[in-house]
Each structure stands twice: as C-alpha cells, then as structure tokens.
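Q: task: produce atomic coordinates for the following.
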Amino acid sequence: MSTNDDPRFCTFHLGELFLGIPVTRVQEVIRYQERTRVPLVSSVIHGLINLRGEIVTTIDLRHRLELAPRPEGDEPINVVVRHEDGVVSLLVDEIGDVFEVTDEDFEPLPPTLQGSYRQFVRGIYKLDGRLLLILDTEGLLDLPDILDVDAAAADGTEQPALAESGRDHLEVVAS
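A: Next up is the predicted model:
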C-alpha cells in the first residue's frame, strides 16, 4: 500500500474535512469524556482523561490542524490511538466508517497544497464522490513538535491562523 500495509482506514470528520488514519493504529472510539486541563502545556493538548485507570492525553485535532474551534455545545468524540509513547486520544467531530482502499485510488499531495497540512497529511484516496485525506499519525502526535509550535508563538513567530479566519477547509493554491 502507499501509506501502510493494511488497506483499511478509520475515518472521521472535522467540519467539512473527511479524514482517516490506519485502522491498525486505533485502539477504540469512545464518546466524549470530561477531561482535566493541565496548566502550562501546549494549547493543542486538550487535557487528560482517565480511560479505565490509564491516564490518556487528549489532542484537539481542530486546534492541531489550525481549523476553526468546535461550535459551542458540540461534544467531540475520542479516537484513542496507539503511539510509540503510549495511548493518545484524538478529539474529532464525528466518527465515520472503516474504509478499505486500493493503491489505484491513492494520490500524493498536490504540490499546490499549502500550509502546515503538508506535514500532517500523507496523501489522498479518491472515493465515490469525495476525497479521503490520510493523516500522518506520527506527525500529529509528535509532542515535542507541539511544544515547539507554542514556543514559536511565544517568541512572536507568526503562525498560520485558519481558526481566526473561521475557515473549516483546506485551500489549494494554484502556482
């Protein structure tokens, strides 16, 4: 396969985005749980949850992908994934299905795709009537990188801010 050896992907939605991660990385999907905020950590880290006695870090994918905040009152869903450093929960808007894909439907990212998405999206699968963006879980869960993003913001380094614009989609810029 183009992105891994298993052709199946767990899919979910963030706003209008249709995203997927390898099903082999998913431990479970659970409804939203109250979390404990942790002071002095990256704003990408939404907090901690107690998952049957195991403390799990939750990452807000909307914030990580620089999307508009989740509408007030909408509770996210936890997609619990296995990572080399343990288990992490990704907060998503809505869970989709498990899709099995073929190499023939895979496309690399177009060179015109701009922004931080390039480091988080591995490629695109063409499905009936829509595109499935495959996320790079290693890049998304690179916690030192998350801390560096906030350190750059504290330094005054300008960061892209889709959330401020209220957009909830990727833009492809023609070259």
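
Q: C-alpha from now on. contacts and neighbour counts both.
A: Will do.

Q: quick check: chain neighbours aside, which residue is closest to residue 81?
A: Among residues not flanking residue 81 along the chain, residue 26 sits closest, at 4.4 Å (C-alpha to C-alpha, 6 or more residues apart in numbering).

Q: contacting residues around that neighbour?
A: Contacts were defined as C-alpha atoms under 8 Å, 6 or more residues apart in numbering; by that measure residue 26 touches 10, 79-82.

Q: how far away is the residue sitting nearest the centre point of the chain from residue 72?
A: When C-alpha atoms, centre = their mean is applied to the chain, the residue found nearest the centroid is residue 61 (4.3 Å). The spacing between residue 61 and residue 72, counted by C-alpha to C-alpha, to the nearest Å, is 16 Å.

Q: swap in residue 124?
A: 30 Å.

Q: higher neighbour count, those two?
A: Comparing residue 124 with residue 72 by other C-alpha atoms under 10 Å, the one with more neighbours is residue 124, at 20 against 6.

Q: and that one, what element?
A: Element membership of residue 124, judged by DSSP states H and E, is strand 121-127.

Q: which strands and helices sit next to that strand?
A: Taking 3 or more C-alpha pairs under 8 Å, 6 or more residues apart in numbering; DSSP states H and E as the contact definition, the neighbouring helices and strands of strand 121-127 are strand 106-107, strand 130-135.

Q: strand partners of that strand, parallel vs antiparallel please.
A: If you go by DSSP bridges, strand 121-127 pairs up with strand 106-107 (antiparallel), strand 130-135 (antiparallel).

Q: give the buried residues for the longest one.
A: This means strand 130-135. Within strand 130-135, the residues that qualify as buried by neighbour count (16 or more other C-alpha atoms under 10 Å) are 132-135.

Q: same for the helix or strand following that strand, what does it pack against?
A: Proceeding N to C from strand 130-135, the next assigned helix or strand is helix 137-140, under DSSP H and E. Packing contacts for helix 137-140, counted by 3+ C-alpha pairs under 8 Å, 6+ apart, involve helix 117-120.

Q: quick check: mean pLDDT across the helix it packs on?
A: Mean pLDDT, taken over the full extent of helix 117-120, equals 81.

Q: and it, how far out from the chain middle?
A: Centre-to-centre, helix 117-120 and its host chain are 10 Å apart (C-alpha atoms, centre = their mean, to the nearest Å).
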